[in-house]
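J.: Got a predicted model here, sequence first, then my questions.
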Amino acid sequence: MRNFRFAAVLIALLTVALVPGASRAEKRAFDMTIEDTKITLVEQQGFHTFAFNGQVPGPLFHLKEGDDVSVNVHNLTALPHTIHWHGLIMKNNWKNDGVPGVSQNAIEPGKSFTYKFVAEPSGTMWYHCHVNVNEHVVMRGMWGPFIIDPKKPTELEKKVTKDYILMLSDWDSKYAFKPGYGGVPGDVYDYFTINGRSFPDTQPIRVKKGDVVRIRLVGAGEFIHAIHPHGHTFKVAFKDGRPLPAPYEADTLIVGPGERYDIIMEANNPGLFPVHDHVDSHTLNGAKPMGGLMTVIEYEGVSASADPVYAWKDKIFTPDFYYEESLKKGHGMFGNSSMKGQAIQ
């Protein structure tokens, strides 16, 4: 019997040793600031935001399911804030849910607060301020992606070769430089963005034939968006981080406020294809068409610069606009210099 128990323990230890590092939870501690920051949505349209680490969207949190996480948040702005970790359950840990007047006092200007929680469940989550959400989330850029890798990925997601995050949001330019105001009934939203930028100041989604492309859509703003990539269908594979029991095929997907959908698409049709919001007024910059919530799928080997009609034929490419490079770096918190704004004193 003793030999049998010894063998069982040995097998268990070997099993743990052979499990890839990605499946083992770890302790992770981060510091993050909230800063008054000017960003540019497109062309000359600036906006006063309360930006996490001075960037919009905020830095990427990329963690493993079960990680023990602490985030020390420093409020450097003149208004109170909190952080709600949207999609995380906070089981037996409701005081870290981040809602002022319910689970905590708001973090006052010049003060700090440390959130502690376990990264669960897995999937595409996000974080945002929960003070005056009508203004701070909708038009002050107080949101960022929070991705938790599962202990047991689905067979479909194991096939993914390219991974992109698109956070969708809406802005009313009359409040651009009136922090503390806006996001009330009757507002007229006139700018619409992916990751805080409007077309043509977004970036292409670059793929090559044969890629299996995962696009994580996050409804971070006020409105519903109808996302439609030309030239492709896709499988709707995850809803709010959870794998769907029967992924279904579509070519247009409605994304509402707070929702997350992961769609998975085969790159099987080389060319240049737009991806845009089919709520057509969301493809305006003010009153100017061919803007707003739009990007382009660019295939490797298709000479975009030689296409005389392509609006982006001379565009300088900025990598990691969709966190596609940061997602390859392993686990941790990742900033993005291209999303940094200008500090407001």
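T.: Sure thing, it's come through.

J.: give me the element residue 166 is part of.
T.: Secondary structure from DSSP states H and E places residue 166 in strand 162-171.

J.: And the next helix or strand past that strand?
T.: Moving toward the C-terminus from strand 162-171, the next helix or strand (DSSP H and E) is strand 191-194.

J.: From the rest of the structure, what touches that next one?
T.: By CB atoms under 8 Å, 6 or more residues apart in numbering, the surrounding residues in contact with strand 191-194 are 41-42, 45, 166-173, 198, 202, 221, 223, 225, 277, 282-286, 292-295. C-beta coordinates here come from the backbone N, C-alpha and C atoms, glycine included.

J.: Okay, and the spatially most central residue of the chain sits in which element?
T.: What sits nearest the mean C-alpha location of the chain, by CA atoms, centre = their mean, is residue 145, with 3.4 Å. Under the criterion of DSSP H and E, residue 145 resides in strand 143-149.

J.: Name the surrounding residues that touch the very next helix or strand once past that strand.
T.: Note on strand 143-149: by DSSP H and E, the next helix or strand toward the C-terminus is helix 155-158. For helix 155-158, the external contacting residues (CB under 8 Å, 6+ apart) are 214, 235, 237, 243, 247, 262, 264.

J.: And helix 155-158, what's buried?
T.: By 16 or more other CB atoms under 10 Å, the buried positions in helix 155-158 come out as 156, 157.

J.: same check, this time on stretch 125-137
T.: 125, 126, 127, 128, 129, 130, 131, 132, 133, 135, 136, 137.

J.: Quickly name whichever of these is closest to residue 178.
T.: Using CB to CB, residue 135 is the member of those that sits closest to residue 178, with 9.6 Å.

J.: Now do the contacts for the closest residue to residue 339 other than its chain neighbours.
T.: Take residue 339 and drop its neighbours on the chain: the residue closest to it by CB to CB, 6 or more residues apart in numbering is residue 55, 4.0 Å away. By CB under 8 Å, 6+ apart, the contact list for residue 55 reads 37, 335, 336, 339, 340, 341.

J.: Residue 55 pairs with what?
T.: Beta-bridge partners for residue 55, by DSSP bridges, are residue 52, residue 340.

J.: where are the low-confidence patches of the chain?
T.: Within the chain, the stretches with pLDDT under 70 are 1-23.

J.: Please work out the angle formed by the directions of the helix or strand where residue 265 lies and strand 143-149.
T.: Per DSSP H and E: residue 265 is located in strand 260-266. Taking axes from the mean of the first three to the mean of the last three CA atoms, to 10 degrees, one finds strand 260-266 and strand 143-149 inclined to each other by 60 degrees.

J.: What is strand 260-266 packed up against?
T.: strand 123-128, helix 155-158, strand 212-219, strand 234-239, strand 253-255 (3 or more CB pairs under 8 Å, 6 or more residues apart in numbering; DSSP states H and E).

J.: Note down every partner strand of the next helix-or-strand element following that strand and its orientation.
T.: Following strand 260-266 in sequence order, the next helix or strand is strand 272-277 (DSSP H and E). In the sheet, strand 272-277 lines up against strand 225-229 (antiparallel), strand 294-299 (antiparallel) (DSSP bridges).

J.: list the buried ones in the first one?
T.: Buried residues in strand 225-229, counted by 16+ other CB under 10 Å: 225, 227, 229.

J.: mind exporting it as PDB, just the C-alpha atoms?
T.: Coordinates of each C-alpha in strand 225-229 appear next as PDB, following Å, rounded to 0.1, in the frame of the first residue of the first chain:
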ATOM      1  CA  HIS A 225     -22.900  48.900 -33.100                       C
ATOM      2  CA  ALA A 226     -23.400  46.500 -36.000                       C
ATOM      3  CA  ILE A 227     -20.000  45.200 -37.000                       C
ATOM      4  CA  HIS A 228     -19.600  44.000 -40.600                       C
ATOM      5  CA  PRO A 229     -16.400  42.800 -42.300                       C
END
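
J.: For the longest strand along the chain, which strands pair with it and how are they oriented?
T.: In the chain, taking DSSP state E as the definition, the longest strand is strand 27-42. Note on strand 27-42: by DSSP bridges, its sheet partners are strand 45-52 (antiparallel), strand 68-75 (parallel), strand 342-343 (antiparallel).
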